[in-house]
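Participant: return a 3D structure for these sequence lines:
(chains A, B and C)
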Amino acid sequence: MSETRLKILQYITGIGLFLFVGTHLVISHLSSGEPTTWESIAERASSSFWLAFYILLLIFGLYHGLHGLRTIITESIPTLPAKVVDWTLGTAGIAIFGYAAYIPISAF
Amino acid sequence: MQELTFKVQRYLPGKDKRPYIQEFTIPLRQGMTVLEGLIHIKENMDNTLSFRSSCRMGICGSCGMLINNFPMLACHTPVEELGTDRIEVRSLPNFPVIRDLVADLGPLFEKHKSIKPYIISLDVEEAEVLTAEFLQSGQELEGYVQFAYCVKCGLCMAACPTVATDALFLGPQTLGQAYRYCTDRRDAGVEERFHQADSRHGVWLCHLAGACSEACPKGVDPALAIQLLKRAMVADSLWLRRKKKPAPVAQPPTESKQKIAVPEFTVK
Amino acid sequence: MEMKATGSQHRHLPNRLGIKGWIWGGNYTLERYLYTLHRVTGLGLLLYITLHLAMNGFRLGGVESWEDLMSVFGMSGFKVGEYLVAAAFIFHALNGGRLMLQHLGYTLGKPKPPVYPYVDSMRRRRPIVWVMLALIMALAIYVLIAFVT
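Facilitator: Residues are numbered from 1 along each chain as shown, chains lettered A, B, ... in the order given. Alright, predicted model coming up:
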């Protein structure tokens, strides 16, 4: 995929994250209830809306973060082979996604 | 008489392991530039001091140096504008140092050549043997003429934080010139330049620090050119770019104006 | 591309600023340091995401494991860290929005022939940056009040 298309995805995930993380911040960290108690987490865990929300948040967050890290590594260590950087970050991203997506899916 | 202290970077390859600073005190003259100060040092105090200069009027781009931690053209910088009587002069950062204040601008020229900085015309015959001008409106010219003022001084490359870490990054000068040629209606090399700019060390490593435009001594604003290049590349990637029609060649005039006859002499 | 010294028996001295150039490269103005802060907040948020996802794994251990973890995170040191993450997100998101618009050439104006004294497009559009910074400050203060109360 061309660098331009990867950057367009970075912009799209950036906008998405603004909405998803903003919502997550308000719900989980700023709301007056007790959003981090086991009961309230269990309630959200049984909702298909929240499951889809968390999976999308995970995909967008991992892509945006790892693409940013790829850019920083490419600039800081330009002699590192491109394939090594891409495959390492891609594998790490898939592994983290697999582990992190399993948690809400198993609780659903 | 007021005096200035010049703290000048010295480095002689083969003798010095790293650059060091040498101080010179020189008399201040009204309207003096940093270049005139360096010439005074070379002529009167230390003729081994090496630096580049040529036109001494801000048009050739030879005398780019780091003056009080900011890249400037030495000929274009009056010492009074620096607001201090201690002036530190170093060679341009992000370029190898050949000697003293002389930087190796080879990397700049190699990258510049890589984006084919010339008009690539579809009408090869016309381009080889010019018979008439290519027509462009004033508005079309305004779309790129600002970026055509580049003198290849390298100050933007010295200022860029990405060039500081990544030797392979094309840099603001190269990318700005890529946009200059892509926008010119006489040019047909857009795809080739987009391909070069779309590389891993191409346009997307620019993160709009804006230091290049801040440092540019000719008002070229390479940061603007780069962001406009990004817009064109995104539009192209999404199949939204409007391909411009090539600039037509001016047709020869079909009718000529009647010559005004020379009046008869009134004095015989 | 590999740049080699030509015509000299001695190697030219490399003179790259390196990563130090991100932190302080010279007497530049605001936008260059917003770039550095954007990078630092991005890396901070990436680190936080990794820890946050690891922390979520405690849910798999059941209610006791989760409640034990939440009691640790209730300590004031973690609350300060949580606020810093929120502040970093606010900066990164709003600055990122500005960058996205400007990367696509919007809000920078059109090219025009330069007239001395030169003012480049980013300096001409400096008020946009001030508005963005004011918005960031306002949101950061609002979130701080929400955390404290």
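Participant: residues contacting stretch B:189-206, please?
Facilitator: Taking CB atoms under 8 Å, 6 or more residues apart in numbering or on different chains as the criterion, the residues outside stretch B:189-206 that touch it are A:2-4, A:6-7, A:71, A:74-75, A:78, A:82, B:114-116, B:120, B:162, B:166, B:168-170, B:172, B:175, B:178, B:181-182, B:223, B:226, B:229-230, B:232-233, B:236. All C-beta spots, glycine's among them, are computed from the backbone N, C-alpha and C.
Participant: ok, the host helix or strand of residue B:72 near chain C or not?
Facilitator: In the assignment (DSSP states H and E), residue B:72 maps to strand B:70-73. Yes: using CB under 8 Å from any CB of the partner chain, strand B:70-73 reaches chain C at B:70, B:71.
Participant: pick out the residue nearest the middle of the chain.
Facilitator: Picked chain A for this. residue A:61 (2.4 Å; CA atoms, centre = their mean).
Participant: chain C is the one I meant
Facilitator: Among the residues of chain C, the one closest to the centroid is residue C:38, at 1.5 Å (CA atoms, centre = their mean).
Participant: hang on, the earlier thing: any of the contacts of stretch B:189-206 buried? List them.
Facilitator: Using 16 or more other CB atoms under 10 Å in any protein chain shown as the burial test, the contacts of stretch B:189-206 include A:3-4, A:7, A:71, A:74-75, A:78, B:115-116, B:120, B:162, B:166, B:168-170, B:172, B:175, B:178, B:181-182, B:223, B:226, B:229-230, B:232-233, B:236 as buried.
Participant: could you list which of these also contact chain C?
Facilitator: Checked against chain C using CB under 8 Å from any CB, these give the following subset in range: B:168, B:223, B:230.
Participant: ok, the second one - contacts?
Facilitator: The contact partners of residue B:223, taken as CB under 8 Å, 6+ apart, are B:172, B:206, B:208, B:210, B:212, B:213, C:120, C:121, C:122.
Participant: and these, which are buried?
Facilitator: Here, 16+ other CB under 10 Å leaves B:172, B:206, B:208, B:210, B:212, B:213, C:120, C:121, C:122 buried among these.
Participant: between those, which is closest to chain A?
Facilitator: The nearest member of the buried ones among the contacts of residue B:223 to chain A, counting by CB to the nearest CB, is residue B:206 at 10.6 Å.
Participant: just the ones of the contacts of residue B:223 in strands?
Facilitator: Members of the contacts of residue B:223 lying in strands (criterion: DSSP state E): none.
Participant: you'd agree residue A:51 is up against residue A:105?
Facilitator: Yes: checked against CB atoms under 8 Å, the pair residue A:51 and residue A:105 is within contact range at 7.0 Å.
Participant: give me the more crowded residue out of these two.
Facilitator: Shown here are residue A:51 and residue A:105; by other CB atoms under 10 Å in any protein chain shown, residue A:51 has more neighbours (17 against 12).
Participant: what sits against the more buried one?
Facilitator: For residue A:51, the set of contacting residues under the criterion of CB under 8 Å, 6+ apart consists of A:45, A:104, A:105, A:108.
Participant: of these, buried ones?
Facilitator: The buried subset of the contacts of residue A:51 - by 16+ other CB under 10 Å - is A:45, A:104.
Participant: columns secondary structure, distance to chain C and pLDDT on top of the contacts of residue A:51, output as TSV?
Facilitator: Rendered in TSV, the data for the contacts of residue A:51 read as follows (DSSP: H, G, I helix; E, B strand; the rest coil; distance: CB to the nearest CB, whole Å; pLDDT from 0 to 100):
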residue	secondary structure	distance to chain C	pLDDT
A:45	helix	8	75
A:104	helix	8	83
A:105	helix	11	83
A:108	coil	12	74
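Participant: can you narrow the contacts of residue A:51 to ones near chain B?
Facilitator: Judged by CB under 8 Å from any CB, the overlap between the contacts of residue A:51 and the neighbourhood of chain B is nil.
Participant: which of the contacts of residue A:51 sit farthest apart?
Facilitator: In terms of CB to CB, the contacts of residue A:51 reach their longest pairwise distance at A:45 and A:105, which sit 9.6 Å apart.
Participant: stretch C:85-94 near chain A at all?
Facilitator: Yes: in terms of CB under 8 Å from any CB, part of stretch C:85-94 sits within range of chain A, namely C:86, C:89, C:93.
Participant: export that stretch to PDB, keeping only CA atoms.
Facilitator: As requested, the backbone C-alpha atoms of stretch C:85-94 are provided in PDB (Å, rounded to 0.1, in the frame of the first residue of the first chain):
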ATOM      1  CA  VAL C  85      -3.000  11.100  30.000                       C
ATOM      2  CA  ALA C  86      -6.300  13.000  29.500                       C
ATOM      3  CA  ALA C  87      -4.400  16.300  29.000                       C
ATOM      4  CA  ALA C  88      -2.000  14.600  26.500                       C
ATOM      5  CA  PHE C  89      -5.000  13.200  24.600                       C
ATOM      6  CA  ILE C  90      -6.700  16.700  24.500                       C
ATOM      7  CA  PHE C  91      -3.500  18.200  23.100                       C
ATOM      8  CA  HIS C  92      -2.700  15.400  20.600                       C
ATOM      9  CA  ALA C  93      -6.300  15.400  19.300                       C
ATOM     10  CA  LEU C  94      -6.800  19.100  18.800                       C
END
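Participant: what does that stretch contact?
Facilitator: Outside stretch C:85-94, the residues touching it (CB under 8 Å, 6+ apart) are A:14, A:17-18, A:21-22, A:25, A:29, C:37-38, C:41-42, C:44-45, C:48, C:132, C:135-136, C:139-140, C:143, C:147.
Participant: among those, which are in strands?
Facilitator: Secondary structure from DSSP E places none of the contacts of stretch C:85-94 in strands.
Participant: pretty sure residue C:124 sits against residue C:107.
Facilitator: No: counting by CB under 8 Å, residue C:124 sits too far from residue C:107 to count as a contact (10.2 Å).
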